[in-house]
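Enquirer: After the sequence you'll find the predicted model.
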Amino acid sequence: TAAISAAGSLGLHMQSVSASDSATAMPETASPVQGLGAARSRGDGKVKVTGEARYAVEHQPENPLYGVVIQSTVASGRISRMSVEKAQQATGVLAVYTHLNPLKINKPTAIADGGAAQSTYTPIQDDKIIHNGQNIGLVVAETFEQATWAASLVEIEYETSRGLIFATDEGVEPKPVSKQDIDMGDAEQAMQQADVRLSERYTTPREYNMPMEPHACVAHWQEGRITVWEPSQWVAGAQVEIGEWMGIDTEAVRIISPYVGGGFGSKPVPYTHVALACVASRALKRPIKVSLTRPQTFTGLGGRPATSQQLELGASRDGKIQAIIQRSFSETSLIDVFAENCSKVTARMYAVENVSAQHQVRPINTVTPGWMRAPGENPSAFGLEVAMDEMAYALNIDPLELRLRNWADKDYQLDLPWSSRRLKEAYQKGAEAFGWDRRIMTPRSMREGRELIGWGMASGTYPVNKLPAEAKIILTPHGRFVVQCAGADIGTGTYTILAQTAADILGVDSTTIEVELGDTRLPRAGVAGGSQLAGNVTAAVNDTAKRMRAQLLKLASELPQSPLNGTPASQLTLKGDAVQHTLRSGLAVSLAQLATLAPAESLTVTGGTFPDDMSQSERDKMVRNLNDMSRPEAFSAHSWSAQFVEVRVDEDFGTIRVKRMVAALDSGRLYNPKLARSQWIGGMIMGVGQALMEEGIIDPRNGRVINNNLADYLVPVNGDIPSITTINVGEPDFEATTMGGKAVGELGIVGVAAAISNAVFHATGKRVRDLPITLDKII
Ligand code: MCN
Ligand code: MOS
């Protein structure tokens, strides 16, 4: 299947096979420039696998200090006594910062109302405890070991009050998030008239992102300015928050984050240990490293909050869904509203005219939750797609057929046409590759020996978000291009696709282009979140590269010593590391030669997608908050997927194994099919974890996260993951984005847990509506 044809170079219909075969299925492209659409390997791959890539906390400043965070051990109340003398007297200790000896930290502005992946908690300002594992102190010493030892010497007593541990506890006061309510048609009445009604509750537990690189930073205060090496999905957001915490100008903050060892939504903005590091560096006038331990990351920042949704579906006998009524809630902290909105896909996936959905948050004693891959869409699709399977069984209609009978020819929620929706193709190609037509509908009807076989499917979607961005391209004295942009590469492939974007325009091999990312000094870009960065920054680099090309042609034509002097730029082209005459072959000036002839300042070009007349400060504002993110206006633009899963359930032991996964996905044009597949399967694997393993276990007595480490908080390992087939059914969608691509990063996880739950039902006849699907729930 070595399949990069002319169509393949636009990322079309690139079919790949199982994960184990991916090397043969995804050859390096033969295209001369390895531009967009080429299935190239990651440019940053080698430095990452050889350990050369320096992650934030690996930055080694001169004469560093080490800070160790102290966390609370109760959920609610106040610190009644704290004794830090022993710690202060321990070898190497410089300071113990607590509410008794605080450093001022200002309350940051919530970055987005009802969706900020951020806590506004300010540590060490008072004695109040609002959750277990709250950051309540920082011990600073000459070495990490000294700081760790000293932290253990701090004595703390609490006056505890009754905490609200779970969203369903008595005393919890729900808050509506009415901004996101859905009220279409007359759902109550349509429900009454429906032939078949189903109403069930679907829940997802607390889940944690847990990237390999824990949350760890280096803060260095020097002469009124702070530089922070911080793993970041969004350096501009980090810059604002740190400035606010410290009470200094945003411009006095620099964030450096060239590599991020995964974020999955947990690194959009820094958390409060970073605030402690920054103010401690200022107070002690030395650089300081602060790293949360793995257990501390479970409460030093939030993961996906637990969700619960009551979902009622009404349908006609022939399988037309006539009404949906949904009431959902998710946990939040006592101080911030973070809504994991369970109705993100409810009214969008199918042609349903009557929908009523309301979501509320329930404040409890927990750290403010945050983003985790597809916040909202993920639990929303779990509920809806399991409910659709239940309806299919209630009506005795094949689950895939039921979905087709409810095909949405437009976005019913927004009443807008789709920009593109190749979901039917996804259903068809996915079903074909999976062999869905051989499925026997009756549960427990397929088996092999002791193993029950279950086949399940689900749909998934993720929206296209947008924000302008900027880039800079430099031609170096050696005739090489450097592309710069502040956007992050969190393991996604930004480095690579930006080189590919520039290569298309500049006519050089993309592997020769250097890309620099993740620094507030570089041209503006917004968050690597909401699966939009690729679209935003490829568009910016495309524009900048065109400006660079125009500039080079102009220089070649105008520089007195250029061999092409006097040739109109319209007769020149940029390819093969040279500006060439289009008509007279051999007449050319190499980029290296041009670089020596041209004045240095003429070889740096900036560009991007902000409106030309937008001021610098307005541009700053846009990339520094989340409210200016937009969606296309005349169309509803989304990525789509169809997930097919086979599980095997051991009848005696109840163990569940995912045997096969097939997904057909529409993410529009793929900028790099190899990387897009890597993203998709990454999401699918995370979906396996969500379906079968992941669950934060909370101690009802004190709100402690009991399984706060990677030995007890289970995630899939290689042995849990079957062969995965991904099929690209997307086509370029220029209504969605400038470069024609749609969302990739979060799409892969959406719907996976539902497909697995549906497969488990098919295998066993047991319907599991509460994730994860552990064996106790099916035996
Ligand atoms: N891509 C493509 N064609 C497109 C769009 C994207 O080939 N049409 C590929 C590119 O390689 C691009 C990548 O997919 O770099 C992701 O692009 P995009 O969907 O725009 O997502 P972002 O760049 O905004 O990345 C964030 C996204 C999110 S929100 C989460 S959560 C997530 C994810 O990416 N976290 C990740 N994928 C992750 N992958 C890794 N390794 N680590 C994480 O923390
Ligand atoms: Mo992704 S959860 O939007 O960072």
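Expert: Yes, it's here. Ligands and ions are numbered 1, 2, ... in the order given.
Enquirer: Just after the helix or strand where I226 lies, pick out the following helix or strand.
Expert: Assigned by DSSP states H and E, I226 falls within strand 225-229. Later in the chain than strand 225-229, the nearest helix or strand by DSSP H and E is helix 235-246.
Enquirer: For the stretch 351-500 of the chain, what lies in contact range of ligand 2?
Expert: For the stretch 351-500 of the chain, the contact set with ligand 2 under C-beta under 6 Å from any ligand atom comprises W371, M372, R373, P375. Where C-beta positions appear, they are placed from N, C-alpha and C, glycine not excepted.
Enquirer: which residues touch whichever residue of the chain sits closest to ligand 2?
Expert: For the chain, the residue closest to ligand 2 is G265, as judged by C-beta to the nearest ligand atom, at 2.6 Å. By C-beta atoms under 8 Å, 6 or more residues apart in numbering, G265 lies in contact with A117, N209, Q233, G370, W371, M372, R373, P375, G529.
Enquirer: Can you show me the strands along the stretch 501-650 of the chain?
Expert: For the stretch 501-650 of the chain, the strands defined by DSSP state E, counting those that start in this stretch occupy 514-516, 572-575, 578-581, 588-590, 604-608, 638-650.
Enquirer: Mind checking which of the residues of the stretch 351-500 of the chain next to ligand 2 land in helices?
Expert: Using DSSP state H, no member of these falls within helices.
Enquirer: Serialize those residues to JSON lines and add fields for pLDDT, distance to N396 and neighbour count.
Expert: Compiled in JSON lines, these are given as follows (pLDDT from 0 to 100; distance: C-beta to C-beta, whole Å; neighbours: other C-beta atoms under 10 Å):
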{"residue": "W371", "pLDDT": "95", "distance to N396": "39", "neighbour count": "29"}
{"residue": "M372", "pLDDT": "96", "distance to N396": "36", "neighbour count": "27"}
{"residue": "R373", "pLDDT": "97", "distance to N396": "35", "neighbour count": "26"}
{"residue": "P375", "pLDDT": "96", "distance to N396": "35", "neighbour count": "25"}
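Enquirer: Show me the subset of those residues that also lies near ligand 1.
Expert: When C-beta under 6 Å from any ligand atom is applied, the members of those adjacent to ligand 1 are R373.
Enquirer: Could you single out the nearest of the residues of the stretch 351-500 of the chain next to ligand 2 to A275?
Expert: Nearest to A275 out of these is W371 (C-beta to C-beta; 19.2 Å).
Enquirer: buried residues in the strand holding I226?
Expert: Going by neighbour count (16 or more other C-beta atoms under 10 Å), the buried part of strand 225-229 is I226, T227, V228, W229.
Enquirer: which parts of the stretch 601-750 of the chain sit against ligand 1?
Expert: By C-beta under 6 Å from any ligand atom, the residues of the stretch 601-750 of the chain that approach ligand 1 are 667-672, 675-676, 679, 682, 741-746.
Enquirer: Out of these, which sit inside helices?
Expert: L675, A676, Q679, G682.
Enquirer: Neighbour-wise, which one of those residues leads?
Expert: The most crowded member of these, judged by other C-beta atoms under 10 Å, is A676 (30 neighbours).
Enquirer: Any idea how many residues pack against the closest residue to that one other than its chain neighbours?
Expert: Nearest residue to A676 in three dimensions, chain neighbours excluded: L670, at 4.4 Å (C-beta to C-beta, 6 or more residues apart in numbering). Residues within reach of L670, counting by other C-beta under 10 Å, total 30.
Enquirer: Surely L670 touches G37?
Expert: Yes: taking C-beta atoms under 8 Å as the definition, L670 is a contact partner of G37 at 6.7 Å.
Enquirer: Indicate whether the longest helix along the chain makes contact with ligand 2.
Expert: Longest helix of the chain, by residue count under DSSP H: helix 533-558. No: Helix 533-558 lies apart from ligand 2 when judged by C-beta under 6 Å from any ligand atom; the minimum separation is 9.5 Å.
Enquirer: where do the helices sit along the stretch 51-200 of the chain?
Expert: In the stretch 51-200 of the chain, the helices defined using DSSP state H, counting those that start in this stretch lie at 85-89, 144-153, 187-193.
Enquirer: would you turn those into JSON lines with mean neighbour count?
Expert: Listed next are the helices of the stretch 51-200 of the chain as JSON lines, based on neighbours: other C-beta atoms under 10 Å:
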{"stretch": "helix 85-89", "mean neighbour count": "15"}
{"stretch": "helix 144-153", "mean neighbour count": "18"}
{"stretch": "helix 187-193", "mean neighbour count": "16"}
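Enquirer: So for the residue nearest to A676, what's the pLDDT?
Expert: The model reports L670 with a pLDDT of 98.
Enquirer: what's the answer for D628, then?
Expert: Predicted confidence (pLDDT) for D628: 89.
Enquirer: so what's it up against?
Expert: D628 touches L467, K621, M622, counting by C-beta under 8 Å, 6+ apart.
Enquirer: which parts of the stretch 101-250 of the chain sit against ligand 2?
Expert: Applying C-beta under 6 Å from any ligand atom, we find that the stretch 101-250 of the chain lies next to ligand 2 at Q233.
Enquirer: Show me which residues of the stretch 101-250 of the chain are close to ligand 1?
Expert: Contacts of the stretch 101-250 of the chain with ligand 1, taken as C-beta under 6 Å from any ligand atom, map to P211.
Enquirer: picking that back up, out of the strands of the stretch 501-650 of the chain, deepest packed?
Expert: strand 638-650 (a mean of 28; mean count of other C-beta atoms under 10 Å).
Enquirer: Output the contacting helices and strands for that one.
Expert: Packing partners of strand 638-650 (3 or more C-beta pairs under 8 Å, 6 or more residues apart in numbering; DSSP states H and E): helix 423-434, strand 451-463, strand 656-666, helix 752-764.
Enquirer: Hey, what's the angle from it to helix 423-434? Just curious.
Expert: Relative orientation of strand 638-650 versus helix 423-434 (axes from the mean of the first three to the mean of the last three C-alpha atoms, to 10 degrees): 30 degrees.
Enquirer: that older thread, for the helices and strands packed on strand 638-650, which one ends up most surrounded?
Expert: Across these, averaging neighbours per residue (mean count of other C-beta under 10 Å) puts helix 752-764 on top, at a mean of 29.
Enquirer: mean confidence score for it?
Expert: 98.
Enquirer: With just CA atoms, put that helix into PDB.
Expert: Provided in PDB are the C-alpha atoms of helix 752-764 (Å, rounded to 0.1, in the frame of the first residue of the first chain):
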ATOM      1  CA  VAL A 752     -14.000   5.200  21.300                       C
ATOM      2  CA  ALA A 753     -15.300   4.500  24.800                       C
ATOM      3  CA  ALA A 754     -18.800   4.300  23.400                       C
ATOM      4  CA  ALA A 755     -17.800   1.900  20.600                       C
ATOM      5  CA  ILE A 756     -16.100  -0.300  23.200                       C
ATOM      6  CA  SER A 757     -19.000  -0.200  25.600                       C
ATOM      7  CA  ASN A 758     -21.300  -1.100  22.600                       C
ATOM      8  CA  ALA A 759     -19.000  -4.000  21.700                       C
ATOM      9  CA  VAL A 760     -19.000  -5.200  25.300                       C
ATOM     10  CA  PHE A 761     -22.800  -5.200  25.200                       C
ATOM     11  CA  HIS A 762     -22.700  -7.200  22.000                       C
ATOM     12  CA  ALA A 763     -20.400  -9.700  23.500                       C
ATOM     13  CA  THR A 764     -22.000 -10.100  26.900                       C
END
